[in-house]
Each structure stands twice: as structure tokens, then as C-alpha cells.
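Q: Model the structure of this input:
(one chain, ligands or ions: 1)
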Amino acid sequence: MLKTQTSGGGDTPLLQLTDYSIRFATPDGEVQAVSDVDLMVTAGETLAIVGESGSGKSQCFNGVFGLLARNGRASGAARLEGTDLLALKPAALDRFRGRDMAMVFQDPMTALNPAMKIRRQLAETLEVHRGLKRREAEAEALSMLKRVGIPDAERRIEQYPHELSGGMRQRVVIAMALLCRPKIIVADEPTTALDVTIQAQILELFAELTAGSGTALVLITHDLGVVAGVADRIAVMYAGRIVEEGEVGEVFAAPAHPYTAALLASIPRVDRDAGAVEPIPGRPPNLVRPPAGCAFHPRCGFAVERCTAERPPLEAVSQSARPDVHRRAACWRPFVDVARGTGYGTVNETGSGSIGETSHV
Ligand SMILES: Nc1ncnc2c1ncn2[C@@H]1O[C@H](COP(=O)(O)OP(=O)(O)OP(=O)(O)O)[C@@H](O)[C@H]1O
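A: The predicted structure is shown next:
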């Protein structure tokens, strides 16, 4: 698969989340869905956001797009090229959506109008966001449909969404997102509903179409398999916080946080037999009353007393092979030696199950 060109975390931020939190008011108390996130997305990069179900991946970006449920509230700052999106009035935020930033969801029908032909839906996007005249808009819509690989595009463009397959509908939604030449596209589990061969095609398409265009892609997924092929960087979320962040190859080879290692060990991999898959013990915490200290400590085989009482900050853990890419972990016992390619995952594989002081960085 293709990888997008990127300069990683070193450039001027396109999107910068600072002290960013999301809370939901519920009868049981406040759900701490996203907490104190500091995250940067740079132009042209593909950043994967991964974590178990309920870890806050979707809400984190729903908040950026102003799409939280009524009981939700985002705080901190979410700056797109310096403009704090959280401070904008709905009408102003609306102008950013579609034009500067686009979101692609798992179900393409959330973005498509079932009663409107594809031609009109795509053309309308261009008329509204880029001010194109009808004829121009329709011509560009057709050429984009061809670029996203819809066969027989001249005929398909005259159809309604229900006449297309799921994979084709998702291609239409991607076409719609790309038509406005947004600075950033957030794709939330864009291929989960599709069959496996189509999944790979759609992700390759995304990578191809964003590569070189300067458009940043944030890929939200619980499927670590898709991450390896298309993303440049990865941010791992647990209980609403980023627990590890870094260049994909490095994080996969030498996870610095026990949760990342556990997540990697919990998925089938082509280089290991099926028996090597180890589900993560225990359950994700209740976000109304998250555990004190590190939220992962009740499930962590490496926790020490400090982990139960003090929350570890997200801090640089090593001299990365790519110094322009942040490598951070929120762990009191981060364990990574990039030069030797060791991390928590490699500890498990050698069966030692513990870490030595000398290996700390
Ligand atoms: N409207 C809401 N009211 C209360 N809690 C909510 C609301 N919406 C989401 N949450 C909670 O916020 C937390 C984060 O949810 P989020 O959808 O971001 O998780 P996720 O990591 O994207 O999971 P998934 O992969 O299952 O979509 C979850 O605990 C969820 O139950």
C-alpha cells in the first residue's frame, strides 16, 4: 500500500488540540470521554487514532467538527491553522466544515441524501463550498467519480445512493470529501462496514488521493491491521487519553506503553500463528469514575504502586530514529530502546514478563 508523504510532527501544525477535553452530562454523572488531549496534525500526514471501543476516538473528532450530542461539551482549544474551532459560532463553524475540513463516517448513508441523484449531491457540494457554476460543478463531480474508481461513472452519476453497492457509496462519500479540497479529512472507521478486499482498496485510494495534495488524513480505527499500511503516525487512546504517540513503524516494533503492546498482542498478525493472539485482560474503565493514577493500571501487568496513585504525563520517551516525529508515552515505566528495537511487546515475546532498570530511557 502507499504511504503518504509527510514531514511528521515537526512542521507547523495544521490542527492543534490543546488541553482538549470532552464531558457528557448523564444521570449517572459526568462521562469523561476525552481528557487533556494535546495532539498535533500536520499538513499532508496520515495520523491513525487507535484504541478499544469507547476510548474516545470518535468523540475527540466529533468535538472538533461541532458534532457532539446535546449533552456533550468540549473544552480547551482545537485550532485549525490558528482559528480555535471551539470558539466559533455554529454558522462560522459550518463554513469550515466541508470547505477546510471534511469527515467521512463508517456508514456512507449518513453523508448521502437518499432522495437525490449522485450528480446533484456532488455538484451541490461544489456550488456551496467552492462557488462553482452548475455546469462546471457537474463536470468536476464526474471527473472526481472517475478518480475514486467508480466504474461506468457516467451512468452511476445519474443514480440514487440505494442503487450503488456499499463500497461504491463509500467511494462517492470520499469523492464528496475530496471535491472541496479540504485541508484535513477525518475518516471514522471508513471501511469497517465493507468486506475485506474493498477495505484495502478504499484505504489505498485514500492514501493515493491525499498523498502530495497536502491534505492531512486522520484515520480513526480499532483495526491496527489497516494502520500499518497507510498511516505515518499513530496515537493510541485509552480511557479518553492519549497514552502513546509516534511513528507507526517504531511504535509497532517497540511499543513504549504496556497498553499499546497489549493492543498489538490482541490482534492476529501474519507473522505470528493464531495461538499468539492474547486478548487484553479485564475491561475498559467506567469513564464516570475512571481509576486513580494511570487508568490502565488495573489491567497492566507492569504496574507499580505509583501507577495506582499518580497520573503519568505524556512525555518524550526516547531518541527517535525520526527526531522530527514526536515519540511520547504516558507511563511511569516507559520502556523503549529504538536503536535495539525493544519495547514492551518484545519483553512479552522473550517471556521475561518484567523490565530491567537498565532498559529505561
Ligand atoms: N451522548 C453521550 N452521552 C454519554 N456518553 C457518551 C455519549 N457519546 C459518547 N459517550 C461516551 O464517550 C466515550 C467515548 O466514546 P467514543 O464514541 O469516542 O469511543 P470510540 O473510541 O470511538 O469507540 P468506538 O470504536 O466504539 O466508536 C464512551 O464511553 C461513550 O459511551
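
Q: Check whether residue 331 really touches residue 243, as I assumed.
A: Yes: using C-beta atoms under 8 Å, residue 331 makes contact with residue 243 at a distance of 7.2 Å. Using the backbone N, CA and C atoms, a C-beta is placed for each residue, glycine as well.

Q: any shared contact partners between the two?
A: Common neighbours of residue 331 and residue 243 (criterion: C-beta atoms under 8 Å, 6 or more residues apart in numbering): residue 257.

Q: Enumerate the residues of this structure near the ligand.
A: Proximity of the chain to the ligand, by C-beta under 6 Å from any ligand atom, involves residues 24, 26, 31, 33, 51, 53-59, 69, 71-72, 222, 287.

Q: Show me which of those are buried.
A: With neighbours counted by 16 or more other C-beta atoms under 10 Å, the residues of the chain next to the ligand contain buried members at 24, 31, 33, 51, 54-59, 72, 222, 287.

Q: Any chance of the residues you listed in CSV with secondary structure as columns?
A: CSV is the format used below for these (DSSP: H, G, I helix; E, B strand; the rest coil):
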residue, secondary structure
24, strand
31, strand
33, strand
51, coil
54, coil
55, coil
56, coil
57, helix
58, helix
59, helix
72, strand
222, coil
287, coil
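
Q: Next, format those residues as JSON lines and append pLDDT.
A: Output for these, formatted as JSON lines (pLDDT from 0 to 100):
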{"residue": "24", "pLDDT": "98"}
{"residue": "31", "pLDDT": "98"}
{"residue": "33", "pLDDT": "98"}
{"residue": "51", "pLDDT": "93"}
{"residue": "54", "pLDDT": "93"}
{"residue": "55", "pLDDT": "95"}
{"residue": "56", "pLDDT": "96"}
{"residue": "57", "pLDDT": "95"}
{"residue": "58", "pLDDT": "95"}
{"residue": "59", "pLDDT": "97"}
{"residue": "72", "pLDDT": "98"}
{"residue": "222", "pLDDT": "80"}
{"residue": "287", "pLDDT": "97"}
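
Q: Let me know the closest of those residues to residue 179.
A: Checking these against residue 179 with C-beta to C-beta, the nearest one is residue 58 at 23.8 Å.

Q: and the closest one, what is it in contact with?
A: Shown in contact with residue 58 (C-beta under 8 Å, 6+ apart): 188, 220.

Q: and the gap between it and residue 221?
A: Plainly put, residue 58 is 10 Å away from residue 221 if you go by C-beta to C-beta, to the nearest Å.

Q: Over to residue 49?
A: Distance, residue 49 to residue 221, by C-beta to C-beta: 7 Å.

Q: who's more crowded, those two?
A: Each of residue 49 and residue 221 has its neighbours counted (other C-beta atoms under 10 Å); residue 49 has more, 27 against 23.

Q: Which parts of the chain are helices?
A: 57-64, 90-96, 118-130, 134-147, 153-156, 166-179, 196-210, 224-230, 248-253, 258-265, 305-309, 344-350 (DSSP state H).

Q: Any idea how many residues pack against residue 299?
A: Residue 299 has 18 neighbouring residues, counting by other C-beta under 10 Å.

Q: Ignore what I typed, I meant residue 114.
A: Residues lying near residue 114 (other C-beta under 10 Å) number 8.

Q: need the contact list for it.
A: 160-162.

Q: What about the residues you listed, which one has the most neighbours?
A: Using other C-beta under 10 Å as the neighbour criterion, residue 161 leads the contacts of residue 114 with 20 neighbours.

Q: how close does it sit to residue 149?
A: In terms of C-beta to C-beta, residue 161 sits 17 Å off from residue 149.

Q: cool, residue 299 as well?
A: For residue 299, the distance to residue 149 equals 42 Å [C-beta to C-beta].

Q: Likewise for residue 246?
A: Counting by C-beta to C-beta, the gap from residue 246 to residue 149 is 32 Å.

Q: So those two - more neighbours on which side?
A: Legend: neighbour count by other C-beta under 10 Å for residue 246 and residue 149, higher for residue 246 (31 against 18).
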